[in-house]
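>>> Whatever this is, show me its structure:
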Amino acid sequence: MKVLLFFFLLLLNACQSFGQQGSGLSGKQVVFPQTSNKAHVVLKASPKQPLTAFTVCLKHYTDLTRAYSLFSYATRKSHNDIIIYKYKPNQYTFYVGGEAVTFLTPEKQSLERETLCASWDSATGLARLWVNGKRLPPRSLKKGYSISADSSIVLGQDQDTQGGRFHGFQADSSIVLGQDQDTQGGGFQVDASIGLGQDEDTLGGGFDGFQSDLSIVLGQDQDTQGGGFQVDASIGLGQDEDTLGGGFDGFQSDSSIVLGQDQDTQAGGFDINDSYVGELLDVRMWERVLSQEEMKRALLDDNIPGNAMIDWETVNYEAKGGVIIERAWSP
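Residues are numbered from 1 along each chain as shown. You can find the predicted model right below:
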């Protein structure tokens, strides 16, 4: 009985670590209350095809004077495919395809919520930035480039590798439900692993049959004690399956957007020195450059005709690492 209680407590802890999930953030904001290499929000969205143009808009409120990342879009090809980064109170860096241009504004004296919009067009190579409704002179950036649709978008963290290997984000244990672990935690970098329903001959793997008096297997039927699974499908909690019941490869989705961190790798590699502290809200993204009239409406929070890749009112999200979701405050 003690063994069962132990396993269920571990399962409860693992479920809590997956973060708060939901759909739609209308009238809400995400709060990053402290410097962290764990706090981030994943916005789950999928571009219909490789991006050759886009517009991103967001609002944020912070008193940070050091550099921090606001928006990070990483792919298998490049972890700097799109980054909106603020180095200083009056200096913004806009990355596309690993290359960057810098925009400067007059030094601000007052502390206020800031509205940012950025656009890029591959056909012309023009990159533009709007700060609180003011359009800055355009820059030339990566003309002819195409951004992969196999992406990870991170707010508030930087990814070191695609889908994992976060700086300071390496768990002490891994729990895989419904399948054996061929490597520790399915390829994660951890110090220990827990296999439910299987005995580990080596740390996080090397299962060979069943070597205990008790087996607990979630998501599979046991034809023999602790084994003999015959199924048409398998369930992996907290991981994506590249093959039936296995092939875990870090963090995989058609597209994920992370708030509050810059990505050194797709959906991971967060560096505490790039982390955001403050409030973020009203993040929207379109797979085209908005017209002048559409941009005016976007800056006024009006709806833009046509489907947005990211719509704050309907987006699926997951908040992790102590991020708080609350009702949006007035500016």
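>>> surely residue 83 meets residue 69?
Yes: here residue 83 reaches residue 69: they are 6.4 Å apart, a contact under Cβ atoms under 8 Å. Yep, even glycine has a C-beta here, placed from its N, CA and C like the rest.
>>> Please identify which of these two sits among more neighbours.
Set side by side, residue 83 and residue 69 show more neighbours around residue 69, with 28 against 24, by other Cβ atoms under 10 Å.
>>> Does that one belong to a helix, a strand or coil?
The three-state label given to residue 69 by DSSP: H, G, I helix; E, B strand; the rest coil is strand.
>>> so who does it touch?
Under the criterion of Cβ atoms under 8 Å, 6 or more residues apart in numbering, the neighbours of residue 69 are 83-86, 154-158, 260-262, 274-276.
>>> Narrow these to those in strands?
Applying DSSP state E to those, the entries found in strands are 83, 84, 85, 86, 154, 155.
>>> Of those residues, which is the most crowded?
In terms of neighbours by other Cβ under 10 Å, those top out with residue 154 at 34 neighbours.
>>> do you know how far that residue is from residue 113?
21 Å (Cβ to Cβ, to the nearest Å).
>>> Residue 72 too?
Distance of residue 72 to residue 113, computed by Cβ to Cβ: 21 Å.
>>> Give me the below-cutoff pLDDT ranges for the protein.
The chain contains residues with pLDDT under 70 at 1-18, 109, 158-258, 262-269.
>>> Could you rerun that using 50?
Applying pLDDT under 50 to the chain flags the ranges 8-9, 12-17, 161-222, 224-226, 228-255.
>>> hey, where'd the helices end up in it?
2-17, 292-299 (DSSP state H).
>>> Spit out the contact partners of residue 86.
67, 68, 69, 70, 92, 93.
>>> make it 6 Å
By Cβ atoms under 6 Å, 6 or more residues apart in numbering, residue 86 lies in contact with 68, 92.
>>> now residue 27
Taking Cβ under 6 Å, 6+ apart as the contact definition, residue 27 lies against residue 328.
>>> that older thread, from the ones in strands among the contacts of residue 69, which is closest to residue 292?
Residue 292 lies nearest to residue 84 out of the ones in strands among the contacts of residue 69, by Cβ to Cβ, at 20.8 Å.
>>> burial measure for residue 49, as a count.
There are 9 residues near residue 49, going by other Cβ under 10 Å.
>>> what's the nearest residue to it once chain neighbours are set aside sitting at in phi/psi?
Spatially, and ignoring its direct neighbours in sequence, residue 49 is nearest to residue 149 (5.9 Å; Cβ to Cβ, 6 or more residues apart in numbering). Phi and psi for residue 149, reported as degrees, to the nearest 10, are phi -80, psi -20.
>>> quick one on the thing from earlier: residue 72 and residue 113: who's more crowded?
Higher neighbour count among residue 72 and residue 113: residue 72, with 34 against 16, using other Cβ under 10 Å.
>>> so the more buried one touches residue 84, yeah?
No: with contact defined as Cβ atoms under 6 Å, residue 72 does not count as touching residue 84 (7.9 Å).
>>> List the contacts of residue 20.
Shown in contact with residue 20 (Cβ under 6 Å, 6+ apart): residue 319.
>>> so how far is residue 31 from it?
12 Å.
>>> returning to that earlier point: what residues are up against the residue nearest to residue 49?
Neighbour list for residue 149: 47, 49, 50 [criterion: Cβ under 6 Å, 6+ apart].
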